[in-house]
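K.L.:
everything below, folded, please.
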Amino acid sequence: MTKQNIVNIVSEATGLTKVETEAVMNGVMSTIVESLGRNERVELRGFGTFGVKHRMPKKARNPGTGETIFLPERNVPIFKPAKYMRSHVNNKLSK
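P.N.:
Numbers count the residues shown, from 1 in each chain. A predicted model of the protein is given here:
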């Protein structure tokens, strides 16, 4: 599913125009990204939690050449789904 698919579904469900729905969606996504950039945790109850995890530098291997490379330390965004989401997906996919 793409962002545009979500905009279309939410637009139909709420009665908002697609332009209004996309503006709201862009605002939500921008707010999450900006919060993560400040190393803040974003919790959407019943959906999940976005956060940032610090990764230490490490040695890795280029799968194409076999060459050893070094990955620098970095911060990566993470997402932990809420218990409700995990159980809902598990129940739907196990049928």
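
K.L.:
any idea how far Lys3 is from Ala13?
P.N.:
16 Å (Cβ to Cβ, to the nearest Å). (Each C-beta comes from the backbone N, C-alpha and C, glycine too.)

K.L.:
equivalent analysis for Pro72, please.
P.N.:
Pro72 is 30 Å from Lys3, by Cβ to Cβ.

K.L.:
Met25 now?
P.N.:
Met25 sits 7 Å away from Lys3, going by Cβ to Cβ.

K.L.:
more neighbours: those two, which one.
P.N.:
More crowded of Met25 and Lys3, by other Cβ atoms under 10 Å: Met25, with 16 against 11.

K.L.:
need the contact list for the more buried one.
P.N.:
By Cβ atoms under 8 Å, 6 or more residues apart in numbering, the contact set of Met25 is 3, 6-7, 10.

K.L.:
mind running it again at 6 Å?
P.N.:
Val7 (Cβ atoms under 6 Å, 6 or more residues apart in numbering).

K.L.:
show me how far the helix or strand of the chain with the lowest mean pLDDT is from its chain's centre.
P.N.:
The weakest-scoring helix or strand in the chain, judged by mean pLDDT, DSSP states H and E, is helix 83-93 (a mean of 90). Distance, stretch centre to chain centre, for helix 83-93: 17 Å (Cα atoms, centre = their mean, to the nearest Å).

K.L.:
packing partners of that helix?
P.N.:
Contact partners of helix 83-93 among helices and strands, from 3 or more Cβ pairs under 6 Å, 6 or more residues apart in numbering; DSSP states H and E: none.

K.L.:
just the CA trace of that helix, in CSV.
P.N.:
Output of helix 83-93 as CSV, limited to C-alpha atoms (Å, rounded to 0.1, in the frame of the first residue of the first chain):
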residue,chain,number,x,y,z
LYS,A,83,0.6,-5.1,21.2
TYR,A,84,-2.8,-4.7,19.6
MET,A,85,-1.2,-4.3,16.1
ARG,A,86,1.0,-7.4,16.6
SER,A,87,-1.9,-9.6,17.7
HIS,A,88,-4.3,-8.2,15.0
VAL,A,89,-1.7,-8.9,12.2
ASN,A,90,-0.9,-12.3,13.7
ASN,A,91,-4.6,-13.3,13.9
LYS,A,92,-5.3,-12.1,10.3
LEU,A,93,-2.3,-13.8,8.7
